[in-house]
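Colleague: Got a sequence here, can you model it:
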Amino acid sequence: MLSITDDIAIPEGEITLKAIRAQGAGGQNVNKVASAVTLFFDIRASSLPDEVKGRLLRSADSRISSAGVVVIKAQQHRSQELNRADAFERLAQLIQAVLVRRKSRRPTRPTLASKKRRVEGKTRRGAVKSLRGRVRE
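Modeller: Purely as a prediction, here's the structure:
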């Protein structure tokens, strides 16, 4: 069970893991050992609440495919166990980020003092620019 919050948890049966060889430098260890882990999580087939599923599918995260599958590749560590834990942690962070509700913006109007400051700044700037012309005798 991957615990996201107190109320939300994902059974490990809904998560598919695949061990692959990691990319990049590392010599003999990288060439021989399948230490990188790719995590697959199908959002639509999961037991998450419908509201969370909808938010995940609407999010513009590049790790979510058009088919609604989250693909996370973890290859930072040398051991498969650490990469597996890293992939689970990143999935939990992705879902927790979607759970946070954003405050709706309340439009405000500029104050009278801020309007006056803006106009005074414009007149000062205009005066500086008017002095840049040719000098008249």
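Colleague: Okay, residue 100 and residue 86: tell me how far apart.
Modeller: 22 Å (Cβ to Cβ, to the nearest Å). All C-beta atoms are positioned from the backbone trio N, CA, C, and that covers glycine.
Colleague: the more surrounded of these two?
Modeller: More neighbours surround residue 86 than the other of residue 100 and residue 86, with 17 against 7 (other Cβ atoms under 10 Å).
Colleague: Make sure that one is indeed in a strand.
Modeller: No. Read with DSSP: H, G, I helix; E, B strand; the rest coil, residue 86 is helix and lies in no strand.
Colleague: what residue lies at the spatial centre of the protein?
Modeller: Centroid-nearest residue in the chain: residue 61, 6.3 Å away (criterion: Cα atoms, centre = their mean).
Colleague: just the strands in the chain please.
Modeller: Along the chain, the stretches classed as strands by DSSP state E are 2-3, 9-10, 15-20, 36-42, 69-74.
Colleague: can you pull the pLDDT of the residue lying closest to residue 23 once chain neighbours are set aside?
Modeller: Among residues not flanking residue 23 along the chain, residue 75 sits closest, at 6.5 Å (Cβ to Cβ, 6 or more residues apart in numbering). Looking at residue 75, its pLDDT is 84.
Colleague: Then residue 118?
Modeller: Reported pLDDT for residue 118: 97.
Colleague: Not counting its neighbours along the chain, what's nearest it?
Modeller: Excluding the flanking residues, the one nearest residue 118 by Cβ to Cβ, 6+ apart is residue 110, at 7.9 Å.
Colleague: Backbone dihedrals for the one you found, both of them.
Modeller: phi -70, psi 150 (degrees, to the nearest 10).
Colleague: burial measure for it, as a count.
Modeller: Residue 110: 9 neighbours (other Cβ under 10 Å).
Colleague: Now do it against residue 69, distance only.
Modeller: 47 Å.
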